[in-house]
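Chemist: starting from these lines, generate the structure:
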Amino acid sequence: MPVEIVILFLAALLLLVHVFSAGDARTKQYGIEWNMGARDEAMPPLNPYAGRLARAQTNFQETLPIAIMALLGAVAAGRTSEWTAIGGWIWLGARVVYLPVYGKGIPKIRTFIFLASLVGLAIVIGAVVFH
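Modeler: This next block holds a predicted model:
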């Protein structure tokens, strides 16, 4: 199995970590009845921690489709290489680190980690396009 596919499966697991982390923080704030209910009522804004986890989840969901297209594209085009693997690992590693850093509210470093993930995607895309 190409390493690019392994990276995508690990990214799927990371998405579950995002979903459950943000959901757990919301449930701790709003309560189990809210979680198990229809969620029709307006709720107060999320506390800072839960808000950061929700935003981190959204951010991951915004970049995940790009990673899927780039990594699957590399496999489908038969253009996998050490560069597509390196770029994929950089992207995934940065995304793993991003969640706890954002959750803890560490400014600036979070932005650099996000930029590192984009560099990883650029490496994958560049390797496929200029292979």
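
Chemist: the residue nearest to residue 30 when sequence neighbours are not counted and residue 23, how far apart?
Modeler: In space, and not counting its chain neighbours, residue 30 is closest to residue 43: 5.8 Å by Cβ to Cβ, 6 or more residues apart in numbering. From N, CA and C alone the C-beta is placed, and that goes for glycine too. Distance of residue 43 to residue 23, computed by Cβ to Cβ, to the nearest Å: 14 Å.

Chemist: could you do residue 83 as well?
Modeler: Going from residue 83 to residue 23 by Cβ to Cβ gives 36 Å.

Chemist: how about residue 37?
Modeler: Residue 37 is 14 Å from residue 23, by Cβ to Cβ.

Chemist: would you list every one of the strands in the chain?
Modeler: Under the criterion DSSP state E, the chain carries no strands.

Chemist: for it, name the helix or strand with the lowest mean pLDDT.
Modeler: helix 32-36 (a mean of 91; mean pLDDT, DSSP states H and E).

Chemist: packing partners for it?
Modeler: Under the contact definition 3 or more Cβ pairs under 8 Å, 6 or more residues apart in numbering; DSSP states H and E, helix 32-36 sits against helix 3-30.
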